[in-house]
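Peer 1: generate coordinates for the sequence data below:
(one chain, ligands or ions: 1)
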Amino acid sequence: METTEELRKKLNEIREKCLSCRKCPLFQTRHNIVFDDGIPNQKLMLIGEAPGYYEDMQGKPFVGKAGQLLDKIFASVGFTRERDVYICNTLKCRPPDNRNPLPDEKEACWEYLKAQIEIIKPRIILLCGNVAVQSILGSAGGITRIRGNWFPPESAIVDVYGAKMMPIFHPSYLLRNDSREKGSPKWLMWQDIQEIKREYDKLAV
Ligand code: SF4
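Peer 2: So this is what the prediction gives:
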């Protein structure tokens, strides 16, 4: 098994290439490339959608209110970014006005996400929001219907190196749906993170 430092070194080579990327028009409006955060961890990886305003300004995924909520969800089961989770996005540059990524943009940016998955080879991948689900699971279904379910590696439309996957709600969606009542999106998220922790605890590495 590779050490964290070895994984970081490989990721840095990809990051360097990404920093000067002009493969799609989003390079024209970005302030920063948003490559990753957290720890290169062969257990758990979270893939989000695309950078928003704060991510673009800071060059870091999941900051601002959505990032704080994500950290709170992690903390409820004892996870921290620094120790337990590698975080990245489907796209590395912000689409204008936070619109959904276009198919051509996703295709152009895929080489970086592909490399991140290939280097880390995580045992569990969390697909955070519809854009991440579509990129990895294709037309498996909308997030509301399929969240909280485990998907085996064979169900991915790309090579995920044996990872099992769970779609989860994006924290931005949870911010827009504030109820904590049983059956609400927030309540479901709190069930899902507990299931994720149970699976994480079973991993030997
Ligand atoms: S979104 Fe991806 S492919 Fe497009 S310019 Fe940014 S890094 Fe390159």
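Peer 1: would it be right to say that Leu126 lies in a strand?
Peer 2: Yes. Counting by DSSP: H, G, I helix; E, B strand; the rest coil, Leu126 falls inside a strand.
Peer 1: what residues does the chain have near the ligand?
Peer 2: Residues of the chain found near the ligand (C-beta under 6 Å from any ligand atom) are 18, 21-24, 26-27, 91-93, 105, 108-109. C-betas here are computed from N, CA, C, even on glycine.
Peer 1: regarding the residue most central in space within the chain, what is its secondary structure?
Peer 2: Closest to where the C-alpha atoms of the chain average out (C-alpha atoms, centre = their mean) is Ile47, at 1.4 Å. Under the three-state scheme (three-state DSSP), the conformation of Ile47 reads as strand.
Peer 1: going forward, begin numbering at 531 instead of 1
Peer 2: Okay, residue one is now 531; in that scheme the one you just asked about reads as Ile577.
Peer 1: wait, isn't it in contact with Asn619?
Peer 2: Yes. At 6.9 Å, Ile577 and Asn619 qualify as touching, with contact defined as C-beta atoms under 8 Å.
Peer 1: what do those two both touch?
Peer 2: Overlap between the contact sets of Ile577 and Asn619, as judged by C-beta atoms under 8 Å, 6 or more residues apart in numbering, is given by Leu643.
Peer 1: hang on, the earlier thing: so what's the residue nearest to the centre of the chain bridging to?
Peer 2: Beta-bridge partners of Ile577, counted by DSSP bridges, are Cys618, Leu657.
Peer 1: what residues are up against it?
Peer 2: Shown here is Ile577, whose contacts under the criterion C-beta under 8 Å, 6+ apart are Cys618, Asn619, Thr620, Leu643, Ile655, Leu656, Leu657, Cys658, Ala662, Ser665, Ile666.
Peer 1: let's go with 10 Å and repeat that
Peer 2: 591, 616-620, 643, 646-647, 652, 655-659, 661-663, 665-666, 695 (C-beta atoms under 10 Å, 6 or more residues apart in numbering).
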